[in-house]
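J.: got a predicted structure plus its sequence, pasted below:
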Amino acid sequence: KMVRQKVRFLTVQFDGTSCRADDRCSVGTEKNIMDAILDSCQLNFGATASARLWTHLQIKYTHIASSKSSSNNFESDNTTPSAKKRKAQQPEFCVLKCSREDVGIVRASLTFLTQIDGKRVYARVVSVSGSPRTAKMAIVKYWRNLFGSSSSSSAYMEDVILPSIK
């Protein structure tokens, strides 16, 4: 008899602490994030836990801002100072998919995570969800609390970010 695998979706926000206030520091690519999580797991929990995560952990979505103009930035570089401030505050986050049994190990590995690709960061789990839809709603709620529901960043979030999470 087949038994379905029960998974959880973790919405994780990254914050770089080694960047200047006027410059946005990116935490890197999906590969860099995954390698940092697995390294943190192996360092703190050993090879067995790391191998277990290696088979069950996936990055379903990343939203990484950069100091250069990219498709993730919702405003162009020649904008008002308040828009530039909002752009610098734009959160970097990802949605991780893992098995239900591994949620504790993943959260602990994220807690002990201190750098990604040589840049000092800390990770904060915004929510743990049972489906991609509730992970999307957690992102929407977090984004609206951060920027307000009527801003241009809210429209950017609904038009660009949400359709890309599956």
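T.: Nice, thanks for sending it over.

J.: now the helices for the chain?
T.: 30-45, 47-56, 81-88, 103-112, 132-147, 152-156, 162-164 (DSSP state H).

J.: buried ones in the second one?
T.: When burial is assessed from 16 or more other CB atoms under 10 Å, helix 47-56 yields the following buried residues: 49-50, 52-53, 56. (Glycine included, C-beta is placed from N, CA and C.)

J.: residue 7: which of the helices of the chain is closest?
T.: helix 47-56 (8.1 Å; CB to CB).

J.: what mean pLDDT does the closest one have?
T.: For helix 47-56, mean pLDDT is 89.

J.: repeat that for stretch 137-144.
T.: For stretch 137-144, the per-residue pLDDT averages 81.

J.: again, but for stretch 103-111
T.: Mean predicted confidence for stretch 103-111 is 94.

J.: which positions within that stretch qualify as buried?
T.: Judged by neighbour count using 16+ other CB under 10 Å, the buried positions of stretch 103-111 are 103, 105-107, 109-110.

J.: what does it contact?
T.: If you take CB atoms under 8 Å, 6 or more residues apart in numbering as the criterion, stretch 103-111 is touched by 8, 10, 12, 37-38, 40-41, 44-45, 49, 52-53, 57, 96, 98, 123, 125, 128.

J.: need the helices of the chain in CSV (columns: distance to residue 3).
T.: Listed next are these as CSV, based on distance: least, CB to CB, whole Å:
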stretch, distance to residue 3
helix 30-45, 25
helix 47-56, 15
helix 81-88, 46
helix 103-112, 18
helix 132-147, 21
helix 152-156, 40
helix 162-164, 30
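
J.: for the ones you listed, which one sits closest to residue 119?
T.: Closest among the helices of the chain, using CB to CB: helix 30-45, at 9.2 Å.

J.: hmm, back to that, so how do I select the buried members of the contacts of stretch 103-111 in PyMOL?
T.: PyMOL command restricting the contacts of stretch 103-111 to the buried ones, with burial defined by 16+ other CB under 10 Å:
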select buried, resi 8+10+12+37+38+40+41+45+49+52+53+57+96+98+123+128
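
J.: which strand residues bridge residue 94?
T.: Residue 94 has these beta-bridge partners by DSSP bridges: residue 12, residue 62.

J.: the closest residue in space to residue 137 that isn't next to it in sequence pairs with what?
T.: Once flanking residues are discounted, residue 137 sits nearest to residue 129: 8.0 Å by CB to CB, 6 or more residues apart in numbering. With DSSP bridges as the criterion, residue 129 is bridged to residue 9.
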